[in-house]
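> Any chance you could fold what I've pasted below:
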Amino acid sequence: MFDDDRGLHGRWLDGYEVPVESFQDLEKNPVSDLLVMSLSFGDKIKEKILKRFDKQINVKTLKELFVESGVVID
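Have a look, this model is predicted:
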């Protein structure tokens, strides 16, 4: 779990067994695959991640998953 909201860093969200990490934590310990869960800012977040990590991280947005599944989103 990664979030740009500094107020969430180190905290746990209900239903998750790991604390929220920062973008700097992601830079220190990159993952191989990342799902961006924001519908509103998903494209911008993906762009930021790809700009920093290029193809090192496979990034998908929630919107992309919906479109691939045939779900229409406006």
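> outside of stretch 60-74, which residues touch it?
With CB atoms under 8 Å, 6 or more residues apart in numbering as the test, stretch 60-74 has contacts from 33-39, 42-43, 45-46. In short, each C-beta sits where N, CA and C put it, glycine included.
> average pLDDT across that stretch?
Stretch 60-74 carries an average pLDDT of 88.
> and if you look at stretch 33-51?
Rounded mean pLDDT across stretch 33-51 is 94.
> Could I get the buried residue list for that stretch?
34, 36, 42, 45-46, 49 (16 or more other CB atoms under 10 Å).
> do stretch 54-66 as well
For stretch 54-66, by 16+ other CB under 10 Å, it's 57, 59, 61, 63.
> can I get those in JSON lines with distance to residue 1?
Formatted as JSON lines, the buried residues of stretch 54-66 follow (distance: CB to CB, whole Å):
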{"residue": "57", "distance to residue 1": "15"}
{"residue": "59", "distance to residue 1": "15"}
{"residue": "61", "distance to residue 1": "16"}
{"residue": "63", "distance to residue 1": "19"}
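> These in strands, which ones?
Here DSSP state E is the test, and these give 59, 61 as lying in strands.
> That'll do, ta.
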